[in-house]
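Novice: Return atomic coordinates for the entry below.
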Amino acid sequence: MNANPIPASDFIANVKYGFKHFLTFRGRSTRPQFWWYFLALCIIDTVFKTIGNLCAGTIDIDLKELDTTTDILQTLWSQLPLGLIIITIAQLVIGIILSISLLAATVRRLHDAGHSASLAYINMILYIIMYAGFFAMLLSLYKILPVIASYPQQGQESSAIAFFAGCCAGLALIGAAALILSIIVLVFLLKPSEPRDNRYGPFVN
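Specialist: Have a look, this model is predicted:
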């Protein structure tokens, strides 16, 4: 793969190369191939988020008239515009696909710089754990807080709060580790191509 050189300034050709190898985790990708493709993915993501925000702007609900979190969630769901639901689902699906594709491009770029892709895989796993834990906590928060408030004994309340705070601290540590690893991966992504054939593929000048 990557046997034919592509001009570094040719945005279209480099983006086409990225989409041609959309889910290819083998071989090498030069810096222009990676960064032009990364820019294209950012543009696609921004377009879908903008459309989603425009649809979200059509929601008109007075939350002050609602008493409980359950009422708020049920009202929001019942009055969500169909376009927003479709866009949200599309954003989720496309976001997952683009994230996997970006991971593939990252792997090829690390290969091109002469590095193993292990750090990229570990980094992705850390972010998945962090976001999954964060959203799980958000979804359960409206049930946890009333339970904490209903504890008759101060010791029980403190224990519940301490447990919740411990979960937050754990996610924060995972996030910090993911951020540090992201910086390391970014440094590797910025490195020039290894100027020779390596175990991942031939060098293209």
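
Novice: can you map out the helices along the chain?
Specialist: Under the criterion DSSP state H, the chain contains helices at 11-20, 31-56, 69-78, 82-112, 118-149, 154-190.

Novice: With respect to Pro202, which of these lies nearest?
Specialist: helix 82-112 (10.6 Å; Cβ to Cβ). Quick note: C-beta positions are derived from backbone N, CA and C, even for glycine.

Novice: buried stuff in the closest one?
Specialist: Of all the residues in helix 82-112, those buried under the rule 16 or more other Cβ atoms under 10 Å are 84, 87, 98, 101-112.

Novice: by how many degrees do that helix and helix 31-56 diverge?
Specialist: Relative orientation of helix 82-112 and helix 31-56, computed by axes from the mean of the first three to the mean of the last three Cα atoms, to 10 degrees: 170 degrees.

Novice: Residue numbering should commence at 407 henceforth.
Specialist: From this message on, residue numbering opens at 407, which makes the last subject helix 488-518.

Novice: And helix 488-518, what does it pack against?
Specialist: Applying 3 or more Cβ pairs under 8 Å, 6 or more residues apart in numbering; DSSP states H and E, one finds that helix 488-518 contacts helix 437-462, helix 524-555, helix 560-596.

Novice: so where's the chain uncertain?
Specialist: 407-411, 461-491, 544-567, 569, 611 (pLDDT under 70).

Novice: Columns distance to Asn604 on top of the helices of the chain, output as JSON lines?
Specialist: Putting these into JSON lines (distance: least, Cβ to Cβ, whole Å) gives the following:
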{"stretch": "helix 417-426", "distance to Asn604": "19"}
{"stretch": "helix 437-462", "distance to Asn604": "16"}
{"stretch": "helix 475-484", "distance to Asn604": "52"}
{"stretch": "helix 488-518", "distance to Asn604": "7"}
{"stretch": "helix 524-555", "distance to Asn604": "16"}
{"stretch": "helix 560-596", "distance to Asn604": "14"}
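
Novice: Nearest to Arg605, out of those helices?
Specialist: Closest to Arg605 of the helices of the chain is helix 488-518 (Cβ to Cβ; 8.4 Å).

Novice: buried set for stretch 579-596?
Specialist: Ile580, Gly581, Ala584, Leu587, Val591, Phe594, Leu595.

Novice: before we move on, back to that, out of the helices of the chain, the one nearest Asp603 is which?
Specialist: helix 488-518 (11.3 Å).

Novice: how far off helix 417-426 does the closest one point, in degrees?
Specialist: Computed by the same axes, to 10 degrees, the angle separating helix 488-518 from helix 417-426 equals 90 degrees.

Novice: ok, Phe425 - contacts?
Specialist: Contact analysis of Phe425 by Cβ atoms under 8 Å, 6 or more residues apart in numbering lists Tyr443, Ala446.
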